[in-house]
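>>> My questions are about this predicted structure, shown below with the sequence.
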Amino acid sequence: MAAHRFDRLDALRGAAVVWMVAFHFAFDLNHFRFIRQNFYHDPFWTWQRTCIVSTFLFCAGLGQAVAYTQGQRWPRFWRRWAQVAGCALLVTAGSWFIFPKSFITFGVLHGIAVMLVVVRLTAPAGRVLWLMGLVAVLLPQFIQHPLFDGRALNWLGLVTRKPVTEDYVPVLPWLGIMWWGMAAGQWMLARRPHWLSGPVVSPARGLAVIGRWSLTVYMLHQPFFFAILAGVVALKRALV
């Protein structure tokens, strides 16, 4: 299969990015006390987070299906993986500076970095990935143990209590979503490739562009929001 852009996949990823940016802006407004919301327990916000993360991971699985089908070699995979892993480390460092008591040790980028390797290695499983995904999604519902509550092992997801952190995307159950993305991508590329690579309508072209730069947008939008909102707070205090 010739390498080319998969605009519909990019647009779907871009839509998730826009949703994420809007969610984080609301979170930041709450952090700086412009609004008062409970982002940790209110279902209105927690379900949005679940949907956003699920879309990102499903798109990551779709992307790996494209790469695998196109015969992407391991050196290129590792170059992209290093970008994701490096950004994950930057997220940990930045969150430690802003949230020292709840900094991110295994958030969405950390999870993606680990899951990308697993999904790529298991790509030959084909249709079995659907079942593997189901097992991964359900397993934490039936197996939890205090042994996994510590920082050394909580990234696996078999915890009895969620760690105190601003973002937590453990391997289980989230690996199941990426496995489903890989399985769906392989099916579509074999039977309905136009579902991923067909043209997008004009309003969605911008989303496709955003989707191609999703990692860059992810890394830059929060520092930008924090800088702007901190500046507004400082200006308000200066004018009082």
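All right, it came through fine.
>>> Okay, buried residues for the lowest-mean-pLDDT helix or strand in the chain please.
Lowest mean confidence among the helices and strands of the chain (mean pLDDT, DSSP states H and E): helix 194-197, at a mean of 88. Buried residues in helix 194-197, counted by 16 or more other C-beta atoms under 10 Å: Trp195, Leu196, Ser197. Yep, even glycine has a C-beta here, placed from its N, CA and C like the rest.
>>> so how far is that helix from its chain's centroid?
In terms of C-alpha atoms, centre = their mean, to the nearest Å, the centre of helix 194-197 is found 22 Å from the chain centre.
>>> All further residue positions should be reported with the first residue as 485.
In the new numbering, first residue 485, that becomes helix 678-681.
>>> what packs against that helix?
Here helix 678-681 touches helix 491-515, helix 655-675, going by 3 or more C-beta pairs under 8 Å, 6 or more residues apart in numbering; DSSP states H and E.
>>> What ranges in this protein fall below the confidence cut-off?
485-488 (pLDDT under 70).
>>> number of nearby residues for the residue nearest to Ile588 when sequence neighbours are not counted?
Leaving aside its chain neighbours, Ile588 sits nearest to Ser579 (4.2 Å; criterion: C-beta to C-beta, 6 or more residues apart in numbering). Neighbour count for Ser579, taken as other C-beta atoms under 10 Å: 19.
>>> tell me the contacts of Trp663?
Neighbouring residues of Trp663 by C-beta atoms under 8 Å, 6 or more residues apart in numbering: Gly545, Val603, Thr606, Leu613, Trp614, Met616, Gly617, Ala620.
>>> How about the secondary structure of the third one?
When states are read from DSSP: H, G, I helix; E, B strand; the rest coil, the local structure at Thr606 comes out as helix.
>>> Surely it and Met616 touch.
Yes. With contact defined as C-beta atoms under 8 Å, Thr606 counts as touching Met616 (7.0 Å).
>>> quick one: which helix or strand includes the residue nearest to Trp663 when sequence neighbours are not counted?
Excluding its sequence neighbours, the residue lying closest to Trp663 (C-beta to C-beta, 6+ apart) is Gly617, at 3.7 Å. Using DSSP states H and E, Gly617 maps to helix 612-626.
>>> What lies in contact with stretch 530-541?
496-497, 499-500, 503-504, 507, 523-524, 592, 595-596, 599, 653, 658, 661-662, 665.
>>> Now do the buried residues in stretch 682-699.
Val684, Ala688, Leu691, Ala692, Ile694, Gly695, Arg696, Ser698.
>>> Show me which pair in those is furthest apart.
Val684 and Ser698 (15.7 Å; C-beta to C-beta).
>>> So what does the residue nearest to Ala500 when sequence neighbours are not counted have for phi and psi?
Distances taken as C-beta to C-beta, 6+ apart put Thr539 closest to Ala500, at 4.1 Å, once the chain neighbours are dropped. Thr539 has phi and psi values of phi -60, psi -40 when expressed as degrees, to the nearest 10.
>>> what about Thr539, how many neighbours?
Going by other C-beta under 10 Å, the residues that sit close to Thr539 add up to 19.
>>> His525 versus that one, what's the distance?
Per C-beta to C-beta, to the nearest Å, Thr539 is found 22 Å from His525.
>>> circling back: and Thr606 and Met616? Which one has more around it.
With neighbours defined as other C-beta under 10 Å, Thr606 and Met616 compare such that Met616 has more, 19 against 16.
>>> mind listing what the more buried one touches?
Thr606, Ala609, Gly660, Trp663.
>>> Pick the one among these closest to Gly634.
Using C-beta to C-beta, Gly660 comes nearest to Gly634 of the contacts of Met616, at 23.3 Å.
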